[in-house]
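>>> model the structure of this input:
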Amino acid sequence: MKLIAAAAAAAVVLAGCTSTSSTNESSAPAESTRAVVIVSGGGATTPFTTATQACSTEEGFLSAGNTATGLRDYLLAQGKQVYTAPTNAEWGVVVDADPTSFGPFKDCAIVLPEHLTIMSSADIDFGGERLARFVNYLNTEYGVTEVDFVGHSNGGLWSRSAIKLLKAIESPVTVTSLTTLGTPHEGSVPGRVQWGEVPPEVCGTAESSGTAESSETAESSDFCTKFNAAWIPYAELGDKGINREDTEKYLNGPTGWNGAQGAALDGIPVTLLAGTKFELPGGDPTVWPYDGIVSRFSGWAATLPDALMPHRTCWAGPLTHSIFVTEAYNQMIKPAVPWDWQTALTWNTDALARVNQAIDESATALEQPTRQGC
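The predicted structure is shown next:
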């Protein structure tokens, strides 16, 4: 399979799963009413899993999909109760796809109905509504009363939307923390290029003077150009709304989405993780460094006032947005030593440890100064 021909990008359309199982398990996890909910990003297809039930672990398949498997496995090992919110890049429930596709999964224990499944190519608030329904489902079926959201990419925006809605409807579920990884709080780089907010020239020129540092810069520039070009077919053919919303204008404009969130994050500690694998010294600071899709500037919600995000902590590592971006880099740039999945935000053990730390420290986080590390 050629990732370049597959177009683009951040919207890795993973395999789905089918099952005739009931939507209820025979028994809910008894250890805790607090749970971690992992929310995948734009264009992703991720199955519903619980702390005890997932998809096949057969070689070549991922038990919770491309985005969530590394996170889920790590957090379960730390003793957390973990659920993955179902997301689908197409309308309908999550279904099996070609097993030769990138990061496939199969034989999932439970398939939830469409009204509990985030449509991951569509509108932010539509996804937030589906996620809020899913959280209330966890309360009804599994007794979950407290949730720590871990959102990758647009999963962080869907989580923010759901938080606002859960508060508005006085849900019995309390959100105790929000951790985002590579979330375009102020827009994605490909989205901003696609809709003309920044020119393609923002990628710079792929020139190297022969030093290791200049070579890395040239490769970052080259990848930026090629990846943004590959994004165009996805945006034109596969997108159902999310790409246009991953822009500075939509999110931060005079009547933008961020402002509409109001006080939704009051009382909720937020931890913002960003990837900085690609760098261009002297480049546009709203773009560079970035993870191949989202800049540190955007991932850290740099211009969001404290009124909208009262308490935040920031972390960054030299990582890509996802294993899809890592694999796209391997194919587009052809490095002498191919990058492995440890280069990706949702698989790197340092990043995963920081996610776990954010959850563990959430009870006392608001007692600490805001904007640490930002």
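>>> C-alpha from now on. contacts and neighbour counts both.
Noted.
>>> tally of neighbours for residue 129?
The number of residues packed near residue 129 is 23, by other C-alpha atoms under 10 Å.
>>> secondary structure element for the closest residue to it other than its chain neighbours?
Leaving aside its sequence neighbours, residue 129 sits nearest to residue 162 (C-alpha to C-alpha, 6 or more residues apart in numbering; 6.0 Å). Using DSSP states H and E, residue 162 sits within helix 154-168.
>>> for that helix, list every residue counted as buried.
Using 16 or more other C-alpha atoms under 10 Å as the test for burial, helix 154-168 gives 154-167.
>>> I'd like the next helix or strand past the top helix by length along the chain.
Longest helix of the chain, by residue count under DSSP state H: helix 212-233. Sequence-wise, the next helix or strand downstream of helix 212-233 (DSSP H and E) is helix 242-245.
>>> the helix or strand following that next one packs against which elements?
Counting by DSSP H and E, the next helix or strand C-terminal to helix 242-245 is helix 248-252. In terms of contacts (3 or more C-alpha pairs under 8 Å, 6 or more residues apart in numbering; DSSP states H and E), helix 248-252 is packed against helix 257-260.
>>> just say helix, strand or coil for residue 287.
In three-state terms, and counting by DSSP: H, G, I helix; E, B strand; the rest coil, residue 287 is coil.
>>> what sits against the closest residue to it other than its chain neighbours?
Of all residues not flanking residue 287 in the chain, residue 295 sits nearest, at 5.1 Å (C-alpha to C-alpha, 6+ apart). Each residue near residue 295 by C-alpha atoms under 8 Å, 6 or more residues apart in numbering is listed here: 182, 184, 188, 189, 274, 275, 276, 286, 287, 288, 289.
>>> beta partners of residue 295?
Applying DSSP bridges to residue 295 yields these beta-bridge partners: residue 290.
>>> ramachandran angles for residue 273?
Dihedral pair for residue 273: phi -100, psi 140, per degrees, to the nearest 10.
>>> residues contacting it?
Here residue 273 is in contact with 179, 180, 181, 182, 299, 300, 314, 315, 316, 351 (C-alpha under 8 Å, 6+ apart).
>>> mind checking which of those residues are in strands?
179, 180, 181, 314, 315, 316 (DSSP state E).
>>> could the residues you listed go into CSV alongside neighbour count?
Shown next, in CSV, are the ones in strands among the contacts of residue 273 (neighbours: other C-alpha atoms under 10 Å):
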residue, neighbour count
179, 26
180, 29
181, 31
314, 20
315, 19
316, 21
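>>> including pLDDT, could these go into a markdown table?
Converted to a markdown table, the ones in strands among the contacts of residue 273 look like this (pLDDT from 0 to 100):
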| residue | pLDDT |
| --- | --- |
| 179 | 99 |
| 180 | 98 |
| 181 | 98 |
| 314 | 98 |
| 315 | 98 |
| 316 | 98 |
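>>> residue 66 is in contact with residue 84, isn't it?
No. Using C-alpha atoms under 8 Å as the test, residue 66 is too far from residue 84 to be in contact (11.7 Å).
>>> same question for the helix or strand of the chain with the lowest mean pLDDT: list its buried residues.
One helix or strand of the chain scores below all others by mean pLDDT, DSSP states H and E: helix 212-233, with a mean of 90. Of all the residues in helix 212-233, those buried under the rule 16+ other C-alpha under 10 Å are 214, 216-232.
>>> ok, back up a step: check which helices and strands the longest helix of the chain is in contact with.
helix 189-194, helix 323-333.
>>> now, which of the contacts of residue 273 sits nearest residue 373?
residue 314 (4.8 Å; C-alpha to C-alpha).
>>> mind listing what that closest one touches?
By C-alpha under 8 Å, 6+ apart, the contact set of residue 314 is 271, 272, 273, 274, 300, 371, 372, 373, 374.
>>> which of these sits closest to residue 203?
The nearest one, if we look at the contacts of residue 314 relative to residue 203 and count by C-alpha to C-alpha, is residue 274, at 18.7 Å.
>>> and that closest one, that's in a strand?
Yes. Looking at residue 274 with three-state DSSP, it is inside a strand.
>>> right, and it touches residue 179 too?
No. Residue 274 lies out of contact with residue 179 (C-alpha under 8 Å); the separation is 10.9 Å.
>>> closest one to residue 329 out of the contacts of residue 273, please.
Taking those together and measuring to residue 329 by C-alpha to C-alpha, the closest member is residue 182, at 17.0 Å.
>>> circling back to that earlier point, just the buried members of the contacts of residue 314?
Neighbour counting with 16+ other C-alpha under 10 Å marks 271, 272, 273, 274, 300, 371 as buried within the contacts of residue 314.
>>> show me the two of the residues you listed that sit farthest apart.
With C-alpha to C-alpha as the measure, no two of the buried ones among the contacts of residue 314 lie farther apart than 274 and 371, at 14.1 Å.
>>> separation between the residue nearest to residue 163 when sequence neighbours are not counted and residue 168?
Excluding the flanking residues, the one nearest residue 163 by C-alpha to C-alpha, 6+ apart is residue 264, at 6.5 Å. Residue 264 is 9 Å from residue 168, where distance means C-alpha to C-alpha, to the nearest Å.
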